[in-house]
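Visitor: please work out how this folds:
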Amino acid sequence: QVQLVESGGGLVQAGGSLRLSCAASGRAFSSSAMGWFRQAPGKERAFVAAINWSGATTRYADTVKGRFTISRDNAKNALYLQMNSLKPEDTAVYYCAARWGYSSGSSYSNEYAYWGQGTQVTVSS
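Guide: Numbering: from 1, shown residues only. Below you'll find the predicted structure:
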């Protein structure tokens with residue numbers, strides 16, 4: 001059974017930084033692509049970033065490119081999202097997701113089989 005647990009969310013002022021973490025269970029983590037998505041109130045869940053199994057390939061939504069960095073530590077079964085220059089429009093619940101058994105990341109939420117419970121990020125102006 002795969003479990004994903006996010007942490008690191010909170011309240012931050014515009015221009016500030018946060019680092020989200022996602023702890024994953026399961027031996028297939030190191031061979032699986034991972035992603036971050038977010039959902040703001042009244043909006044659909046949106047792609048933020050994805051990373052392939054090794055960490056060599058990443059992709060980002062245009063809205064976060066240049067400000068956010070996705071990374072992973074396969075030895076620790078951990079996924080990270082470093083968020084810099086945060087804006088009020090980044091306010092959302094952030095979810096990590098796993099494409100268990102697939103090596104390449106994706107921007108499509110329906111291609112991820114496992115999801116964490118989410119962590120709230122609030123950016124004040």
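Visitor: before we move on, which element is the residue sitting nearest the centre point of the chain in?
Guide: Centroid check for the chain by Cα atoms, centre = their mean gives residue 36 as the closest residue, at 2.3 Å. Per DSSP states H and E, residue 36 falls inside strand 33-39.
Visitor: relative to that strand, what are the paired strands and their orientations?
Guide: Strand 33-39 pairs in its sheet with strand 46-51 (antiparallel), strand 92-99 (antiparallel), by DSSP bridges.
Visitor: ok so, going back, got the contact list for the residue nearest to the centre of the chain?
Guide: 20, 22, 48, 49, 50, 70, 79, 81, 94, 95, 96, 97 (Cβ atoms under 8 Å, 6 or more residues apart in numbering). Placement of C-beta: from N, CA and C, glycine included.
Visitor: what comes up buried for the strand holding residue 36?
Guide: Within strand 33-39, the residues that count as buried by 16 or more other Cβ atoms under 10 Å are 33, 34, 35, 36, 37, 38.
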